[in-house]
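>>> could you work out the structure for the sequence below:
(2 chains)
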Number of protein chains: 2
Amino acid sequence: MREIDREFIEGALPFWKELRPEEKQRLEEGISLRQLPAGTVIHGGTGDCDGLFLLRHGQVRVFIVSEGGKEITLYRLFERDICIFSASCAFKNISFDVMVETVKDTEAYLIPTWLYQEFQHKSLPISEYTNQLMASRFSDVMWIMEQTLFMSFDRRLALFLLEQSNIEGSDRLPITHDTIARHMGTAREVVTRMLKYFAAEGIVELFRGGVVIKDRKKLLTYS
Amino acid sequence: MREIDREFIEGALPFWKELRPEEKQRLEEGISLRQLPAGTVIHGGTGDCDGLFLLRHGQVRVFIVSEGGKEITLYRLFERDICIFSASCAFKNISFDVMVETVKDTEAYLIPTWLYQEFQHKSLPISEYTNQLMASRFSDVMWIMEQTLFMSFDRRLALFLLEQSNIEGSDRLPITHDTIARHMGTAREVVTRMLKYFAAEGIVELFRGGVVIKDRKKLLTYS
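Coordinates of the predicted model:
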């Protein structure tokens, strides 16, 4: 393992410093760096269970799909985040399945399922860390659930645009109505209608293939 | 602690046999039996964080409430189940809150938060068990989320009636349209309309304050 990889992993995994030297070595030998181009399905529906992915850079989307093809994004993962559900077979009592897909070109460390399982029942720091990861993702899902079930669509869309602008680090968002609709589990027409309303209010400007936030303050009043 | 309590707790908590004698004693000293009449709010919104409840008998409902008062039942707990979110302050990274309420007269062992926290970072069996509990509840919530977001209402209502009949051990369900609506996060009128449709199809019979399942086979075709 390269020094640069070791440093990144040590920094990203809070339990690393609590491991014994031989445990660290065992992990280092089993972890590999993977190149995952945008659009790669890391996990979903086909019984695949490669392991946990620690993102070095890039972006991953975790979502569910209805039988009718309706999608809802549960959460997104970025640099230093860990994807646990790509190793869902390692967790007792997980009876649901999600789709995991790279949104941007992504580089990630893979901790294979067999290796994680070797530690899962032996190491208290790793078990505790798993608890915290599970609780984080649970919180993400509860947030989305409350949003989709309880919140009006204008508010949800405002929050989505603000979040997207946060991720992109820009007010110019290269995202189509169709992609927004898929993230939010709704129809493209619903998104277009609400965006046109926001545009008429001077809150956003629409261009082919994207949205520009013009009046962030006003958008915030909707969120 | 009475022998009858000790036996119940040993049987219900899979990690018990892995604890050291002094750990068992410490827990036994801290656990108490509580009487919780139907309708008691065990946890919700007011920053209360009593601890984990292990149900000796009775029934508990865990649900979320929108600002507008709309409720959705996430899951229900029965004999030998453990309520973790009544100790949500003990879990790092839990950023949501749920309501927890007894539906029937309930008797439950309380493991106070301070006592749980004492073990949480010291005991691998307890940490692993917490993981499994968290994963179970996560799965329950994902199921409800997929139901409410993706499933048609006739299907959801059929599943609800079948589950209710399972819980009651009877085809005669003493439950009002209003209570069903609150469980499912919808309006009473929507429930009434669909129940009337089921009644017209000969699937159920309605009586004041409840529903009788008349044609279980046909109800199953909707589920």
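>>> please make it C-alpha for all contacts and neighbour counts, starting now.
Noted.
>>> and residue A:189, how far from chain B?
18 Å (Cα to the nearest Cα, to the nearest Å).
>>> next: residue A:49.
From residue A:49 over to chain B (counting by Cα to the nearest Cα), the distance is 17 Å.
>>> contacting residues for that residue?
A:43, A:86-89, A:113 (Cα atoms under 8 Å, 6 or more residues apart in numbering or on different chains).
>>> again with residue A:157
Contacts of residue A:157 by Cα under 8 Å, 6+ apart are A:191, A:194.
>>> for chain A, what helix or strand is lowest in average pLDDT?
helix A:188-200 (a mean of 87; mean pLDDT, DSSP states H and E).
>>> and the helices in chain A?
A:3-12, A:21-30, A:113-120, A:124-150, A:153-168, A:177-184, A:188-200, A:216-222 (DSSP state H).
>>> check which helices and strands the longest one sits against.
Contacting helix A:124-150 under the criterion 3 or more Cα pairs under 8 Å, 6 or more residues apart in numbering or on different chains; DSSP states H and E are the following elements: strand A:71-77, helix A:113-120, helix B:124-150.
>>> in a markdown table: those, plus mean pLDDT, mean neighbour count and distance to residue A:139.
Shown next, in a markdown table, are those (pLDDT from 0 to 100; neighbours: other Cα atoms under 10 Å in any protein chain shown; distance: least, Cα to Cα, whole Å):
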| stretch | mean pLDDT | mean neighbour count | distance to residue A:139 |
| --- | --- | --- | --- |
| strand A:71-77 | 91 | 20 | 10 |
| helix A:113-120 | 94 | 16 | 22 |
| helix B:124-150 | 91 | 20 | 10 |
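>>> okay, now residue A:14: neighbour count?
12 (other Cα atoms under 10 Å in any protein chain shown).
>>> where's it relative to residue B:125, distance?
21 Å (Cα to Cα, to the nearest Å).
>>> up against chain B, what does chain A have?
Within reach of chain B by Cα under 8 Å from any Cα of the partner chain, chain A has these residues: A:66, A:70, A:91-96, A:121-124, A:127-128, A:130-136, A:138-139, A:142-143, A:145-146, A:148-150.
>>> okay but residue A:128 is in contact with residue B:125, surely?
No - contact status for residue A:128 versus residue B:125: not in contact, 10.9 Å apart, counting by Cα atoms under 8 Å.
>>> where does the prediction get shaky in chain A?
Applying pLDDT under 70 to chain A flags the ranges A:45.
>>> OK, contacts around the residue most central in space within it?
Taking Cα atoms, centre = their mean as the criterion, residue A:76 is the residue nearest the geometric centre of chain A, at 1.9 Å. Listed by Cα under 8 Å, 6+ apart, the contact set of residue A:76 reads A:59-62.
>>> by neighbours, which of those residues wins?
residue A:60 (28 neighbours).
>>> list the contacts of that residue.
Counted by Cα under 8 Å, 6+ apart, residue A:60 has contacts A:76-78, A:100-104, A:106.
>>> then residue A:12?
By Cα under 8 Å, 6+ apart, the neighbours of residue A:12 are A:80-81.
>>> next: the one 5 residues further on.
Contacts of residue A:17 were listed using Cα under 8 Å, 6+ apart, and they are residue A:10.
>>> in stretch A:39-51, what's buried?
Judged by neighbour count using 16 or more other Cα atoms under 10 Å in any protein chain shown, the buried positions of stretch A:39-51 are A:40, A:42-44, A:49-51.
>>> and stretch A:88-103, by the same measure?
Buried, per 16+ other Cα under 10 Å, within stretch A:88-103: A:88-91, A:93-94, A:96-103.
>>> distance of residue A:159 from residue A:180?
Residue A:159 sits 12 Å away from residue A:180, taking Cα to Cα as the criterion.
>>> more crowded one of the two?
Using other Cα under 10 Å, the more surrounded residue of residue A:159 and residue A:180 is residue A:180, with 20 against 17.
>>> show me what contacts the residue nearest to that one when sequence neighbours are not counted?
What sits nearest to residue A:180 in space, not counting adjacent residues and going by Cα to Cα, 6 or more residues apart in numbering or on different chains, is residue A:191, at 7.2 Å. Residue A:191 makes contact with A:157, A:177-178, A:180-181 under the criterion Cα under 8 Å, 6+ apart.
>>> just residue A:37 next, same as before
Residue A:37 makes contacts with A:102, A:104-106, as judged by Cα under 8 Å, 6+ apart.
>>> nearest to chain B among those residues?
Set against chain B, the nearest of the contacts of residue A:37 by Cα to the nearest Cα is residue A:102 (21.7 Å).
>>> which residues does that closest one bridge with?
residue A:60 (DSSP bridges).
>>> before we move on, what about the one 4 residues further on?
When bridges are assigned using DSSP bridges, the partners listed for residue A:106 are residue A:36.
>>> any idea how far residue A:77 is from it?
11 Å.
>>> got any residues that touch both of these two?
A:55, A:59-60.
>>> can you give me the neighbour number for residue A:20?
Using other Cα under 10 Å, residue A:20 has 9 other residues around it.
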